[in-house]
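Engineer: structure for this input, please:
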Amino acid sequence: MKTIDWKDWEIFCRVVEGGGFTQGAELAEVPKSSASAAVARLEGQLGVRLFERTTRRVRVTQRGQQLYDRVAPLFGALREISAEAASVSAEVSGSIRIATPYEVGSQHLSPTVNRLLKQHPSLRVQLDMNWDQPDLIRHGYDLAFVMTDTSLSDSSFASKRVVLIERAFYAAPSLIRERGLPRAPQDLQGWPTVGNLDDSHWEFLRDGVETFSLDVEPRICTHNAEVRLKAAVDGLGVTRLSPRFVHEQLVQGQLVRVLPGYSSSPLKVYVLMPARKLMPASVRAFLNALEETLGVPENARRPASRLGATLLPDAEALEDDEATATILTLE
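Structural biologist: Predicted coordinates for the structure are as follows:
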C-alpha cells in the first residue's frame, strides 16, 4: 500500500478554501508552486481531476468537492486537537490567526496585540481584515471579531461581547456652510450621505432614547471606514462613524460633529472562537490582554481631566462664516 502524504490532502483543502492556488498556498503557508505540485500529485494518486483550471480561474470539480466535504472536517479536528495539546504548555508561543473588521483592528486590537507581543517574544499574530463573519474552522482562525448593530446571529461558535463602539454624525465644514447648520435630525433630510453597504436608515438617540430615524441612500456605500472617512473629509456627504475613529480629523478641523446632542445606535463587537474544551495558551493570553486593555472604562484609561483635555469642535462653531473649527486647549 502506498504511503499517504497527508500534507498534499491538507494543501488540497486549502486551495478549495482559498478559491485558487494563490490564496490556497497562503493559507497552507507554502509557495504557490508547491501547492500546485501537491494537488497534481494527489490527482495522479487518485486518478481523478480535482480542479478545472483555465487561464482566468480555478474551480473545484464535483468529485473534488465531495472529497473536500469529507476530508476538511478531519483536518479541522486535528488542528483543534493540536491546539488543545499545546495549551498545556506554560510558554505562550506559536501563532494566532485573527479575522477582524478594519476599524476594530486598527482602533481596538492594536494596543492588545502590541502589548501581547512585548510580553511574549516567541508569539506571532496574523490579523486579517475581514468584515464578514468567517468560518473559523474552515479558514483556520483562532478568533474572529464581528461588528453588528443588532444581536449576534446564531452560531455554533463560542462568543463574547467585548466592546460597544459609539457612533455619531460628522461632516466637512464646507458641506455645512453649503447646506446650513442642522438644528434637528430632520434638517439632514436631503443631505448627501456616506454609509455602510447595509445602511438604509440612521437612528438618532438623545440620552440613549431614539427620537428620530432618517432614511438614507448613501452616495458611497462601503464597509471600509477609512474610505467613508476620506469621503466625508472631501465634503461628499455626512457620515456616521466612531468618535475615536475621527479624532485626528476633528483636531485638524477637517470634520465637525453635527447635531452634537445626538448619537446613533452603537455597534456591538463580539469575539468568536471555536468551542474547545481546552483553549490554546496563546489564545488565552490574547483574551486576557484584551480584557485588560478594553475592560477599563475609557475615561479611566485616559487621565486627562476637563481642564487638561482638548476640546474638539462641533457644528456650533460654524454658525459664523468667519468661525472655523477652532481647537481650544486649556492648560
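
Engineer: pass me the low-pLDDT residue ranges in the stretch 151-300 of the chain, would you?
Structural biologist: Scanning the stretch 151-300 of the chain for pLDDT under 70 picks out 151-157, 159, 161, 275-278, 294-300.

Engineer: tell me where it has strands.
Structural biologist: Residue ranges of the strands in the stretch 151-300 of the chain, as given by DSSP state E, counting those that start in this stretch, are 158-171, 193-195, 201-206, 209-215, 220-221, 238-241, 256-258, 264-273.

Engineer: could you dump the ones you listed into TSV and include distance to Val16?
Structural biologist: To be clear about C-beta, it is placed using only N, CA and C from the backbone, and glycine gets the same treatment. TSV is the format used below for these (distance: least, C-beta to C-beta, whole Å):
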stretch	distance to Val16
strand 158-171	26
strand 193-195	35
strand 201-206	39
strand 209-215	42
strand 220-221	31
strand 238-241	37
strand 256-258	47
strand 264-273	22
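
Engineer: out of those strands, which gets nearest to Asp8?
Structural biologist: Across these, Asp8 has its closest neighbour in strand 264-273 (29.1 Å, C-beta to C-beta).

Engineer: what's the neighbour count on Asp119?
Structural biologist: No Asp there; residue 119 is Gln. When neighbours are defined as other C-beta atoms under 10 Å, Gln119 has 11 of them.

Engineer: re the thing from before, I'd like to know which of the strands of the stretch 151-300 of the chain lies nearest to Arg183.
Structural biologist: Here strand 256-258 is closest among the strands of the stretch 151-300 of the chain (C-beta to C-beta), at 10.0 Å.

Engineer: the closest one - contacts with which helices or strands?
Structural biologist: strand 158-171, helix 173-179 (3 or more C-beta pairs under 8 Å, 6 or more residues apart in numbering; DSSP states H and E).

Engineer: ok, the residue nearest the centre of the chain to Gln133 distance?
Structural biologist: A centroid search over the chain (C-alpha atoms, centre = their mean) returns Pro101, at 1.0 Å, as the residue closest to the centre. When distance is defined by C-beta to C-beta, to the nearest Å, Pro101 is 10 Å away from Gln133.

Engineer: intersection of neighbour lists for these two?
Structural biologist: Taking C-beta atoms under 8 Å, 6 or more residues apart in numbering as the criterion, Pro101 and Gln133 both touch Val146.

Engineer: what about the helices in this protein?
Structural biologist: Ranges of helices in the chain, per DSSP state H, are 6-18, 21-28, 32-46, 62-86, 102-104, 110-119, 136-139, 173-179, 225-233, 247-251, 281-294, 298-301.
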